[in-house]
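quick one, structure for this:
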Amino acid sequence: MDVDISPQLISMFENSKDPWGVKLFTHNKSFYYYSNQSNLDMLNLPINFDIEGKTDIEIPHPTSEFAHHFQNHDFEILKRQVSITSIDIYPYGKEVTLQPYACEKFPLYDSKKCCIGVIYHARKFTPYNLRNLLNVNLPCTYTCRRGTDDGGALDPDDMFTEREMEIIFLTIHALSAKEAARVLNISHRTVENRLRIIYQKIGINSSSQLVEFCRQTKLHCNIPPGLLRMGSYLHFQ
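Numbers count the residues shown, from 1 in each chain. The predicted structure is shown next:
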């Protein structure tokens, strides 16, 4: 299919560090028409990989297992004529490690104002509205960042156990001990006891001080890997 995409858009895609792509509709499927290099890198595909004309299930990447989800997203756009955003958590990048991306998809129209496909844009996800994510019974998981190259972030392995990291993360995102206990499937007394140990390790005595400690050490950027599972959280705009 010959589609006229403005040179300005292509130039923006090509010069962006974020993944961008275009998919077109044909019968009951959507297929890739364009991808910038950042999108190929996210999917860990070789530079010379020809993505044009392929459907999601034909992409040699773990996300192909979830091709039906992406196809459903695309056709919801066609049906509703609205943009959608999903939080996609899959083994992305050359490291092939679980990473969260916010993926925005927009309807693509031709000169006759018919929706012929979607333009999508992905960007690294930063945590927001954690309660909604934890309350959604969908497969989804985030990986825990183990510090930064500049040494600015605290390595949680140096001070806290994996369970303590989970409790810290839930606490600084304003979940009570009972709410955190439900998420972790443990008793609220266990959460409270672990919090006391955490406070002792840091030398503090309140959750507000814990929040400030995490901000200063950049520990609030770490998302423990045990909280969520691989998949997509979909939001219609």
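
could you list the low-pLDDT ranges of the chain?
Residues of the chain meeting the criterion pLDDT under 70: 1-2, 126-157, 221-222, 225, 228-229, 235-237.

show me how it divides into domains.
The chain is divided into the following domains under automatic domain parsing: 7-126+232-236, 145-221.

now tabulate those in CSV and tack on mean neighbour count.
Just so you know, the C-beta spots here come from the backbone N, C-alpha and C atoms, and that holds for glycine as well. As requested, those are exported to CSV (neighbours: other CB atoms under 10 Å):
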stretch, mean neighbour count
domain 7-126+232-236, 16
domain 145-221, 16
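
which parts of this protein are strands?
When assigned using DSSP state E, the strands of the chain occupy the ranges 20-26, 29-35, 84-92, 97-109, 115-124, 231-236.

looking at these, which is closest to Met159?
Of all the strands of the chain, the one in closest proximity to Met159, counting by CB to CB, is strand 97-109 (22.6 Å).

kindly state the beta-bridge partners for the residue most central in space within the chain.
Most central residue of the chain, judged by C-alpha distance to the mean C-alpha position with CA atoms, centre = their mean, is Pro100 at 2.3 Å. Taking DSSP bridges, one finds Ile89 as the beta-bridge partners of Pro100.

hmm, Ser86 and it touching each other?
No. Shown here, Pro100 and Ser86 do not form a contact pair, counting by CB atoms under 8 Å, at 10.6 Å.

now Lys94: phi and psi?
For Lys94, the backbone dihedrals are phi -70, psi -20 (criterion: degrees, to the nearest 10).

same check, this time on Cys114
In this entry, Cys114 is assigned phi and psi values of phi -100, psi 140 (degrees, to the nearest 10).

just list the residues touching it, thanks.
Residues in contact with Cys114 (CB atoms under 8 Å, 6 or more residues apart in numbering): none are found.

quick one on the thing from earlier: any idea how far the residue nearest to the centre of the chain lies from Gly93?
Here Pro100 is placed at a distance of 12 Å from Gly93 (CB to CB, to the nearest Å).

and His173, by the same measure?
Counting by CB to CB - His173 and Gly93 are separated by 25 Å.

what are the ranges of the helices in the protein?
7-14, 37-42, 67-80, 130-135, 162-172, 177-184, 188-202, 207-217 (DSSP state H).
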